[in-house]
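Trainee: below are the sequence and a predicted model; questions follow.
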Amino acid sequence: QWISYDAARADKPLLLFLHGGPGWVVTPLLQQYCKPLFENYLVVHWDQRGSGQSYFSGQIKNLTVKQLVADGLELAALLCARFQKEKIILVGHSWGSALGVLMCQANPDFFYKYVGIGQIGNWLDGELLSYNFVLGKAKQHGKTSLVKKLERIGQPPYPQIKQLIFQRKWLLKFGGSIYGKTNYRHWFPLYLKWYGFNLISLIKTGLGLKKSLVKLWDECLQLDLYTQVPKLDLPVYMISGRHDFQVPASTSRIYFDKLEAPQ
């Protein structure tokens, strides 16, 4: 499995970043938008099993939430040993926020604190809010054909992954995925220019994202952190966007209010 970091920052506090998706590696985006993190921390981005540079078709067969939690804890131990750190600051984004919570529940002793960005609470509740956002926008804009298609698909959980992808396409177009943007075009140059990235890397990124999503989606829909992880034995911080309807902030807030933690 592939990790990337700047060895010149080895004396800084260690921060492990868990990407979302499942399967969506974001090293180029971190380097573009989160530069202060790289100045003040030893940031490690992990391409999770089956994602990005870690994409191998054989790994997809063994891809489960439980396996990714085990991978993450194995990596945490390796990083502490390699960089001679007592503990790690763990940061999870979107899907990575669910993985991060499960890792902290399994072994909190590895981590100083946990930061959830676009924090998952109850996954299915979030999907329902996301669907209703798109349906409401379609009605607001008078897109009668789209309204009929969405009503025909019905509320999640969807029978097929292509229906999720259809809903996500319109979520993006209606501004519920990236604030102020309706497509991903502004990100393509960042991936193409990323040091060490090439056409093979780009293909791996696409395959890993698609296949990870298909493989893990049913498990993701079963995640209800409200009840599965009601308590964590370390400080917890959450960052959410009020305009985010991919992981609606209201579900993050419910989890924040329910969660027991020392801070």
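Mentor: Everything's here; your move. Residues are numbered from 1 along each chain as shown.
Trainee: is residue 45 located within a strand, as I assumed?
Mentor: Yes: counting by DSSP: H, G, I helix; E, B strand; the rest coil, residue 45 is part of a strand.
Trainee: please enumerate the strands of the stretch 151-263 of the chain.
Mentor: When secondary structure is read from DSSP state E, counting those that start in this stretch, the stretch 151-263 of the chain shows strands at 236-239.
Trainee: what residue ranges in it score low on pLDDT?
Mentor: By pLDDT under 70, the low-scoring segments of the stretch 151-263 of the chain are 195-197.
Trainee: off-centre distance for stretch 45-64?
Mentor: Relative to the centre of its chain, stretch 45-64 is centred 14 Å away, using C-alpha atoms, centre = their mean, to the nearest Å.
Trainee: cool, and stretch 10-17?
Mentor: 19 Å.
Trainee: list the buried residues of it.
Mentor: By 16 or more other C-beta atoms under 10 Å, the buried positions in stretch 10-17 come out as 12, 14, 15, 16, 17. C-beta here means a position set from N, CA and C on the backbone, and glycine is covered the same way.
Trainee: and of those residues, the nearest to residue 230?
Mentor: residue 16 (23.7 Å; C-beta to C-beta).
Trainee: what about residue 236, distance to residue 37?
Mentor: Residue 236 sits 18 Å away from residue 37, going by C-beta to C-beta, to the nearest Å.
Trainee: just the buried residues of stretch 10-17: which are in strands?
Mentor: Members of these lying in strands (criterion: DSSP state E): 14, 15, 16, 17.
Trainee: residue 236 and residue 37: which has the busier surroundings?
Mentor: Higher neighbour count among residue 236 and residue 37: residue 236, with 21 against 16, using other C-beta atoms under 10 Å.
Trainee: ok so, going back, would CSV of the buried residues of stretch 10-17 with distance to residue 219 and pLDDT be doable?
Mentor: Shown next, in CSV, are the buried residues of stretch 10-17 (distance: C-beta to C-beta, whole Å; pLDDT from 0 to 100):
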residue, distance to residue 219, pLDDT
12, 34, 97
14, 29, 98
15, 26, 98
16, 22, 98
17, 22, 98
